[in-house]
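# I would like the atomic coordinates for the input below:
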Amino acid sequence: MSQPPLAIAMGDPAGIGPEIIAKSWAVRGLRSLPHFALVGDPAAVRRVWNGPIETIGAIDEAAAVFDRALPVLATGNAGEVTPGAPEVGGAQAALQALEQSVDLVRQGAARALVTGPVSKAQLYGIGFNHPGQTEFVAGRCGVAAEDAVMMLAGPSLRVVPITAHVPLAQVSSLLSVELIVAKGRATAIGLTRDFGIAAPRLAFAGLNPHAGEGGAIGREEIDILAPAIAQLRAEGIDATGPFAADTLFHARARAGYDAVLCCYHDQALVPIKTLHFDEGVNITLGLPIVRTSPDHGTAFALAGKDRAHPGAMIAAIALAGQAADRRARA
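Take a look at the predicted model:
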């Protein structure tokens, strides 16, 4: 355990974040997880878990504690937050934990960042002005939001939404050759740097049914996607498509690419959550640090009931450690 630990931002203390982080620690040996520290309010963990917890004063103390207790780097008291009942105090605590966790990784005190689920609605209520944690982390690292790529990764599928948290009616107007090329480049680099894939294969989904049917059902594939793919290929990136999305996610199709770039949020997230709901990981490509998170939300309805499944958090911790190791070796 000579390496720095992972920093895991607690997420909203009224959600399932504290529970699934604690449950991940409980199976650390069975799942060969790297050592980590939860950054947040120790009381939020104690409300939902009876296992051993030890508050630490600095993150470099996590290694000495990890075998016997969940190390918690306290960021302050969130107040009397009730599991399943989100409120302002919880949102403030989640943001404080996120800010401190990012800074720990940027400073090298932690080697990777894992973020617990937050409520965007609650964060917006306290003045948070980013679309999500991905954009916040990118800004904190000095990276433009458009250069940070959100990838959702599971055991048999990796997807990238080219546009994400925008109304569906705006997707066509937001797509551009420049945007698609930038996302493609960042995805190819990320697959090499964080997944160890020497020659990444990228597939692109069309926007329209049947990938536009040669222009009969829309021209975005002809006017925007095809030129972008051609530019990526000219740069030496193995990019193919655009393909009809309805035939792009079955097992034989998945064998032909390492990641698929999709035009909008649900086009990417429906297949990954269908195939890998309890194993999906959100990893942000294009950052100077490693950042992952479970591919699910706060699940307030499950909070405090000991029913939250930790699978995606376990996968996020494992992937963060693997990606950090690859970057260190490189």
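# from here on, contacts and neighbour counts on C-alpha atoms
Will do.
# that's a strand at residue 312, yeah?
No - using DSSP: H, G, I helix; E, B strand; the rest coil, the secondary structure at residue 312 is helix, not a strand.
# which pLDDT value goes with the closest residue to it other than its chain neighbours?
The shortest distance from residue 312 to any non-neighbouring residue, by CA to CA, 6 or more residues apart in numbering, is to residue 279 (4.4 Å). Note on residue 279: pLDDT of 91.
# list the contacts of residue 279.
By CA atoms under 8 Å, 6 or more residues apart in numbering, the contact list for residue 279 reads 154-155, 294-295, 311-313, 315.
# so where's the stretch 51-200 of the chain shaky on pLDDT?
Filtered on pLDDT under 70, the stretch 51-200 of the chain yields the residue ranges 77-78.
# in it, which spans are strands?
53-56, 70-74, 112-115, 149-153, 158-161 (DSSP state E, counting those that start in this stretch).
# got it, and the stretch 201-330 of the chain?
Going by DSSP E, counting those that start in this stretch, the stretch 201-330 of the chain shows strands at 201-205, 238-243, 259-262, 281-285, 291-294.
# okay if I get those as TSV plus mean neighbour count and distance to residue 300?
Shown next, in TSV, are the strands of the stretch 201-330 of the chain (neighbours: other CA atoms under 10 Å; distance: least, CA to CA, whole Å):
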stretch	mean neighbour count	distance to residue 300
strand 201-205	24	33
strand 238-243	20	37
strand 259-262	26	29
strand 281-285	28	19
strand 291-294	30	15
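# rewinding a little: of the contacts of residue 279, buried ones?
With burial judged by 16 or more other CA atoms under 10 Å, the buried subset of the contacts of residue 279 is 154, 294-295, 311-313, 315.
# out of the residues you listed, which one has the weakest pLDDT?
Scoring those by pLDDT puts residue 295 last, at 87.
# quick one, phi psi at that one?
Dihedral pair for residue 295: phi -90, psi 60, per degrees, to the nearest 10.
# so it makes contact with residue 276?
No - applying CA atoms under 8 Å, one finds residue 295 not in contact with residue 276, separated by 9.4 Å.
# so who does the residue nearest to the spatial centre of the chain touch?
What sits nearest the mean C-alpha location of the chain, by CA atoms, centre = their mean, is residue 282, with 2.3 Å. Contacts for residue 282 were tallied using CA under 8 Å, 6+ apart; they are 150-153, 292-295, 316.
# residue 169: which of these is nearest?
Distance to residue 169, by CA to CA, is smallest for residue 150 among the contacts of residue 282, at 20.7 Å.
# quote the end-to-end distance of stretch 44-56.
15 Å (CA to CA, to the nearest Å).
# try stretch 269-285
17 Å.
# wait, a helix at residue 38?
No - under the criterion used here (three-state DSSP), residue 38 is strand, not part of a helix.
# now the helices for the stretch 201-330 of the chain?
Secondary structure of the stretch 201-330 of the chain (DSSP state H, counting those that start in this stretch): helices located at 220, 226-234, 251-254, 265-276, 311-329.
# can I get these in TSV including distance to residue 108?
Shown next, in TSV, are the helices of the stretch 201-330 of the chain (distance: least, CA to CA, whole Å):
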stretch	distance to residue 108
helix 220	43
helix 226-234	33
helix 251-254	36
helix 265-276	32
helix 311-329	12
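# if we can go back for a sec, and the strands of the stretch 201-330 of the chain: which comes nearest residue 114?
With CA to CA as the criterion, residue 114 lies closest to strand 291-294 of the strands of the stretch 201-330 of the chain, at 4.9 Å.
# show me what the closest one is packed against.
Under the contact criterion of 3 or more CA pairs under 8 Å, 6 or more residues apart in numbering; DSSP states H and E, strand 291-294 touches strand 112-115, strand 281-285, helix 311-329.
# distance between it and the chain's centre?
Relative to its parent chain, strand 291-294 has a centroid offset of 4 Å by CA atoms, centre = their mean, to the nearest Å.
# what lines up beside it in the sheet?
If you go by DSSP bridges, strand 291-294 pairs up with strand 112-115 (parallel), strand 281-285 (antiparallel).
# now those strands as CSV including distance to residue 93?
Shown next, in CSV, are the strands paired with strand 291-294 (distance: least, CA to CA, whole Å):
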stretch, distance to residue 93
strand 112-115, 13
strand 281-285, 22
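# quick one: which of those is nearest residue 21?
Nearest of those to residue 21, taken as CA to CA: strand 112-115 at 10.0 Å.
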